[in-house]
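In: model this:
(one chain, ligands or ions: 1)
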Amino acid sequence: MPPQADRHRSIGTQGCRVGRERRKPKRFCGRDSDSRKMAVRVGVLGATGAVGQRLIQLLDPHPEFEIAALTASESSAGKTYREAAKWRVDSPIPEDVADTTVTATDPDEVPDDVDLLFSSLPSSVGANVEPAFCEAGYVMSSNSSNARMADDVPLVIPEVNADHLDLIEVQRDERGWDGAMVKNPNCSTITFVPTLAALANYGLEKVHVSTLQAVSGAGYDGVTSMEIIDNAIPHIGSEEDKLETESRKLLGEFDGASLSHNSMAVAASCNRIPTIDGHLENVWVETEDELTPEDAAEAMRAYPSLELRSSPDPLIHVFEEPDRPQPRMDRTLGDGMAIAAGGIRESSFGLQYNCLAHNTIRGAAGASVLNGELLLENGYL
Ligand SMILES: NC(=O)c1ccc[n+]([C@@H]2O[C@H](COP(=O)([O-])OP(=O)(O)OC[C@H]3O[C@@H](n4cnc5c(N)ncnc54)[C@H](OP(=O)(O)O)[C@@H]3O)[C@@H](O)[C@H]2O)c1
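Out: Model (predicted):
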């Protein structure tokens with residue numbers, strides 16, 4: 001098999017969108033005063049939750065984005081962010097954000113000059129309110145699982161399928177929106193799909209994946225300590241279906257008008273274990289062409305990253321040690337945005353390996369921020 005192309009690919013989808021009228025003018029942001037870069041004013045929906053807090057952590061120092069709105073449930077509305085969010089991430093709460101008043105999650109509550117919304121709402125809530133925001137003209141980069149599989153909603157991992165972003169044009173035509181909705185996949189899907197993308201040239205036929213998922217993936221109120229300490233839970237509601245369907249959509253082909261899903265067969269088994277962050281996955285892949293462990297390691301190492309601010313280099317870190325990657329040791333590779341792989345070997349069911357990603361960074365908040373950067377780079381903001 002030929003080696004992969006350039007490590008850093010261009011990030012255009014089909015060229016910069018020009019001519020679409022912006023809703024509101026951008027303003028200068030003081031954070032990057034040297035370059036006086038224009039910052040996009042952004043809002044976070046569901047800002048007080050596990051993913052919302054990661055979003056705040058990533059967005060506060062981000063030179064291209066400026067946090068201008070925070071929303072949550074009615075019970076948080078009217079409180080300062082400091083009061084409403086039980087801050088639990090591993091850096092201090094940003095002072096300027098801490099004193100911002102949280103509003104209800106309603107288009108009327110978000111300032112008109114906000115251009116991009118990051119959504120980390122429960123999917124049942126997102127299903128109701130996200131379309132209302134898009135209809136009101138906001139561009140939305142969302143974590144929530146609602147609408148991920150809709151035919152006209154791009155489900156994007158920028159390093160894997162940036163070209164799918166142009167489904168937005170189809171979406172706008174069909175829905176009559178000035179705004180737009182792009183989704184990132186489920187945290188467990190994001191962990192293994194980039195490794196499959198690296199092997200795609202060999203012809204993906206069958207994939208089995210078994211997950212060991214951290215408790216933060218269930219949100220702050222997800223599993224109780226009595227359920228998870230000294231335990232493992234071999235069922236995560238509807239998770240297996242997400243891995244099986246989202247992976248096929250991500251690795252599908254977009255012809256400019258519609259998307260066809262990849263024909264590979266995917267079977268998933270999902271388990272919750274008592275780690276805090278970092279989903280570890282065991283993967284078996286059967287390919288059309290012969291694939292040796294050495295070829296697989298080389299293809300993963302050579303798989304290109306992107307020139308987007310939050311895209312790590314390398315994208316996939318391949319370990320030689322058979323007992324790596326491990327959640328506690330390897331989840332922060334590439335500032336939590338890298339995929340780690342290891343234990344690559346032959347098996348009776350094709351190639352076998354393990355992979356790992358930080359579920360609330362690469363698997364959620366970081367994935368949304370990266371999609372925001374891709375939207376910006378391609379002229380959708
Ligand atoms: N955790 C992960 O690793 C992960 C990974 C990928 C995707 N996701 C997805 O990301 C989303 C958020 O997950 P999470 O783990 O951050 O959940 P979470 O910790 O439970 O946070 C939920 C957020 O939504 C707000 N909210 C709840 N009900 C609401 C309502 N009726 N109206 C408006 N806001 C409401 C909450 O506000 P209050 O504080 O006011 O209740 C909070 O800000 C989910 O769709 C999840 O599936 C999570």
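
In: make it CA atoms for all contacts and neighbour counts henceforth
Out: Will do.

In: I'd like the average pLDDT over stretch 293-311.
Out: For stretch 293-311, the mean pLDDT works out to 97.

In: Next: stretch 322-332.
Out: Regarding stretch 322-332, the rounded mean pLDDT is 97.

In: is it anywhere near the ligand?
Out: No: using C-alpha under 6 Å from any ligand atom, stretch 322-332 never reaches the ligand; the gap is at least 12.8 Å.

In: Endpoint to endpoint, that stretch covers what distance?
Out: Start-to-end span of stretch 322-332 (C-alpha to C-alpha, to the nearest Å) is 19 Å.

In: List the contacts of that stretch.
Out: Applying C-alpha atoms under 8 Å, 6 or more residues apart in numbering, the external contacts of stretch 322-332 come out as 275, 277-280, 319, 338, 340-344, 354-358.

In: Could you pull out the buried residues of it?
Out: Buried residues in stretch 322-332, counted by 16 or more other C-alpha atoms under 10 Å: 324-327, 330-332.

In: which of these lies closest to N186?
Out: R331 (16.7 Å; C-alpha to C-alpha).

In: Was I right to think A257 contacts D173?
Out: No: counting by C-alpha atoms under 8 Å, D173 is not a contact partner of A257; they are 10.9 Å apart.

In: Quick one: name the residues of the stretch 201-350 of the chain near the ligand.
Out: Counting by C-alpha under 6 Å from any ligand atom, the residues of the stretch 201-350 of the chain near the ligand are 216-221.

In: one more time with 8 Å
Out: Neighbours of the ligand within the stretch 201-350 of the chain, by C-alpha under 8 Å from any ligand atom: 216-222.

In: can you pull out the strands in the stretch 51-200 of the chain?
Out: Counting by DSSP state E, counting those that start in this stretch, the stretch 51-200 of the chain has strands at residues 65-72, 103-104, 116-119, 139-142, 180-183.

In: Give me the contact list for the fourth one.
Out: The set of residues external to strand 139-142 that reach it, using C-alpha under 8 Å, 6+ apart, is 115-120, 130, 133-134, 179-184, 368-369, 371-372, 380-381.

In: when you check the ligand, which of those residues turn up near it?
Out: 119-120.

In: what are the ranges of the helices in this structure?
Out: 50-59, 81-84, 95-98, 123-135, 158-161, 167-175, 187-199, 225-228, 239-250, 293-302, 327-330, 366-377 (DSSP state H).

In: average pLDDT for the third one?
Out: The average of the pLDDT scores along helix 95-98 is 95.

In: can you list the residues that contact it?
Out: 56, 60, 67, 80-82.

In: which of the residues of the stretch 201-350 of the chain next to the ligand count as buried?
Out: Members of those classed as buried by 16+ other C-alpha under 10 Å are 216-217.

In: just to revisit the earlier point, which of the contacts of helix 95-98 sits closest to E240?
Out: The shortest approach to E240 among the contacts of helix 95-98 belongs to I56, at 28.9 Å (C-alpha to C-alpha).

In: Now do the contacts for the closest one.
Out: Counted by C-alpha under 8 Å, 6+ apart, I56 has contacts 44, 47, 67, 97.

In: Contacts only, for the residue lying closest to the third one once chain neighbours are set aside.
Out: Taking C-alpha to C-alpha, 6 or more residues apart in numbering, and ignoring the residues beside it in sequence, I67 has V42 as its nearest neighbour in space, at 5.1 Å. Applying C-alpha under 8 Å, 6+ apart, one finds that V42 lies in contact with 65-69, 114-118.

In: per-residue confidence for V42?
Out: On the pLDDT scale, V42 gets 98.

In: and it, what are its bridge partners?
Out: I67, L116 (DSSP bridges).

In: Phi and psi next, for S75.
Out: phi -70, psi -20 (degrees, to the nearest 10).

In: Next one: it, what pLDDT does it get?
Out: 97.

In: same deal with the one 4 residues further on?
Out: K79 is assigned 98 on the pLDDT scale.

In: Counting neighbours, what do you get for it?
Out: By the criterion of other C-alpha atoms under 10 Å, K79 has 15 neighbours.

In: I'd guessed it sits against T101; true?
Out: Yes: in terms of C-alpha under 8 Å, K79 counts as a neighbour of T101; the distance is 5.6 Å.
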